[in-house]
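Student: Quick one, what's the 3D model for this:
(2 chains)
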Amino acid sequence: MSKNILFVLLFVVLVMLLIPPPLSLYALEGTITYYAGEVWVERRGRTLQGEIGMPVLAGDRVHTGSDTTAIITLENNADIKLRADTVLDMEILSDDVKVRLVSGGIFSKVKRKLIKSYSVEIETVLAGVRGTEFFVAYGRKVEETPDIWLCVNEGSVEVSVESTIESVIVREGEGINIVAGNRLTKAKKYPWTRDLNWNTEPGEGSVEDNTDLGTAYSDLLDQDYD
Amino acid sequence: MKKTIQVCIYTVIICASAVPFLAFGDHIPPVPESNVDYVLDARLFLKHNRWTPMLELEGWWEYDPNQFYYRHMTVGTYYRISKHVKVGGFYRLQMGARHDDDWINLNPGWDWVDTRDRAEHVLILDVTPRFLMPFLPGKDWLFMFKTRYMYNTYNGDQTIKLRPAITYFLMPGRDPLINFSFNWELYLALNYSSSVLYSQWPYLEILYHVSPAIKLSANVGYRVINWSTSQDVVDSGESPFEVKYKAFTIGAAVNFHFDI
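Tutor: Numbering: from 1, shown residues only, chains lettered A, B, ... in the order given. Model (predicted):
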């Protein structure tokens, strides 16, 4: 009798080991808490239409259409606001959050105390947050790879380029252009960042951000010297 | 012998009578073989959407000997009417301007009127198209053709200033750091001077962007001004003339730019 019980127990354990548990047991989830426009999620080869309340998991690739704003909330630890035409890979969603911006731009509002680390990877650039609120987006493609813009509304962000030892701390109110995605410039205040809409709470007003990143660039046709 | 003495006396008399004309009577303004003029500028630009109000102060150390002569204060605004074109309207208060009719008969002798205390009011209209030239090596090239109409209320002189210019922007971080430009300024006299091309001034300029608000520049060039027959010369019955005042120029400027 005891041998039979032991065999059943072993069988049950084996079955439990073979059945993959829900991911939520090991990682944080994100949830689409707001969108206006069109959102869809690629998950394990399937494309799912985005909906309010839909979970966003590690490994998902989130897309927004044109004229779209979407907000993903990571289990009350961070809000990620996606601009139009954005593709965002949710690589790691745990106490260490890592997302990868494939195209477009996002606002990140991080509750620092609840997350161990939060980083955004863009091409060869890594932005590790030390603070709470920053914006990152692709800029113009002047050279072979596009520029990357980052600016900080609260706190500070350490920006580094892969394969170099260089890094820059971008502080509150400052922005930086990573030229062609691989050359760090000096962090400084940029007038165009004053137009960014940082709001991630739909109940507190519009969350849409239509800031034209073209205004981040010098217009050589609009320069007067005499 | 007597005849020889007579010839000598007549020669002395003729030469003596010519002396006043050689010493004081030359009605053609003298021009130095070469000269160096200096110019300083300070400018303030305020930018608001399509408007760019401007205030400019300029002073020249010019002529031979160098004196602080021509200076002006210009105030007005540019307005961007399209992506490639700006227009502008300005008022200029100038002093020390030298016009052809300022060459006067002192009787005896000739000289320029000292106009350094004479205020003149000039109205200016400006049209400046600009075009990028990305097909050139380095891509960040700009061609500009500044065109100005100037009306001097003091004497009714009307002038067209044309200035084609080509500029290369050195932009290591996507913002201009240094501008290198070649400019050729041409002044066309519409209703004065015996030459339509009254003056021309080609110059090279380097402009350094110290910050978004401050720009420093330096320029070197060569200026040619055509002085022609003044009214006094005509009234005196003297022969008409045209002479060229030529000078190398060295200049510097500071620009302040603010968004409002």
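Student: only C-alpha atoms for contact and neighbour calcs from this point on.
Tutor: OK.
Student: Write out the residues of chain A neighbouring chain B.
Tutor: Residues of chain A lying near chain B by Cα under 8 Å from any Cα of the partner chain: A:177, A:179, A:185, A:217, A:218, A:220, A:221, A:222, A:224, A:225, A:226.
Student: Need the max-distance pair from the residues you listed.
Tutor: Across these, no pair lies farther apart than A:179 and A:226, at 29.9 Å, counting by Cα to Cα.
Student: Of those two, which one has the most company?
Tutor: For residue A:179 and residue A:226, the more surrounded residue by other Cα atoms under 10 Å in any protein chain shown is residue A:179, and the numbers stand at 22 against 13.
Student: count of neighbours near the nearest residue in space to residue B:142 that is not next to it in sequence?
Tutor: Distance criterion Cα to Cα, 6 or more residues apart in numbering or on different chains; nearest residue to residue B:142, sequence neighbours excluded, is residue B:132 at 4.5 Å. Applying other Cα under 10 Å, we find 18 residues neighbouring residue B:132.
Student: got the buried residues for stretch B:137-153?
Tutor: Buried residues in stretch B:137-153, counted by 16 or more other Cα atoms under 10 Å in any protein chain shown: B:140-152.
Student: Do you have the helices of chain A handy? List them.
Tutor: Ranges of helices within chain A are A:2-18, based on DSSP state H.
Student: Chain B: helices as residue ranges?
Tutor: With helices called from DSSP H, chain B shows them at B:2-23, B:231-235.
Student: how much space is there between the nearest residue to residue A:109 once chain neighbours are set aside and residue A:153?
Tutor: Leaving aside its sequence neighbours, residue A:109 sits nearest to residue A:133 (Cα to Cα, 6+ apart; 4.3 Å). When distance is defined by Cα to Cα, to the nearest Å, residue A:133 is 5 Å away from residue A:153.
Student: Also residue A:225?
Tutor: Distance, residue A:225 to residue A:153, using Cα to Cα: 33 Å.
Student: Between these two, which is the more surrounded one?
Tutor: More crowded of residue A:225 and residue A:153, by other Cα under 10 Å: residue A:153, with 24 against 15.
Student: so that one makes contact with residue A:110?
Tutor: No: judged on Cα atoms under 8 Å, residue A:153 makes no contact with residue A:110 at a distance of 11.4 Å.
Student: sorry, back to before: show me which of the buried residues of stretch B:137-153 is closest to residue A:140.
Tutor: The closest of the buried residues of stretch B:137-153, once distances to residue A:140 are taken by Cα to Cα, is residue B:140, at 14.8 Å.
Student: which residues touch the closest one?
Tutor: Applying Cα atoms under 8 Å, 6 or more residues apart in numbering or on different chains, we find residue B:140 in contact with B:132, B:133, B:134, B:168, B:169, B:170, B:171.
Student: Of the residues you listed, keep whichever come out buried.
Tutor: Those of the contacts of residue B:140 that meet the buried threshold are B:132, B:133, B:168, B:169, B:170, by 16+ other Cα under 10 Å.
Student: For those residues, give me CSV that also has distance to residue B:253 and pLDDT.
Tutor: As requested, the buried ones among the contacts of residue B:140 are exported to CSV (distance: Cα to Cα, whole Å; pLDDT from 0 to 100):
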residue, distance to residue B:253, pLDDT
B:132, 24, 96
B:133, 26, 95
B:168, 18, 97
B:169, 18, 96
B:170, 19, 95
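Student: Let's see which of these end up in strands.
Tutor: Applying DSSP state E to the buried ones among the contacts of residue B:140, the entries found in strands are B:132, B:168, B:169, B:170.
Student: Please name the residues that touch the last one.
Tutor: With contact set as Cα under 8 Å, 6+ apart, residue B:170 has these partners: B:140, B:176, B:177, B:178, B:179, B:180.
Student: Any figure for the gap between the last one and residue B:140?
Tutor: According to Cα to Cα, residue B:180 and residue B:140 sit 11 Å apart.
Student: same check, this time on the fifth one
Tutor: Taking Cα to Cα as the measure, residue B:179 falls 10 Å from residue B:140.
Student: list the residues that contact both of the two?
Tutor: Common contacts of residue B:179 and residue B:140, defined by Cα under 8 Å, 6+ apart, comprise B:168, B:169, B:170.
Student: Report the residue spans of the chain with pLDDT below the cut-off.
Tutor: Looking at chain A here, since you left the chain open. A:1-28, A:76, A:112-116, A:130-131 (pLDDT under 70).
Student: wrong chain, I was asking about chain B
Tutor: Where chain B drops to pLDDT under 70, the residues are B:1-4, B:6-25.
Student: From the chain's centroid, how far away is the strand ranked longest in it?
Tutor: For chain B, the strand with the greatest residue count under DSSP E is strand B:242-259. Chain-centre distance of strand B:242-259: 8 Å, with Cα atoms, centre = their mean, to the nearest Å.
Student: Next, the buried residues of that strand.
Tutor: Across strand B:242-259, burial judged by 16+ other Cα under 10 Å covers B:244-257.
Student: which of these sit farthest apart?
Tutor: Spatial extent of those (Cα to Cα) is set by the pair B:244 and B:257 at 37.2 Å.
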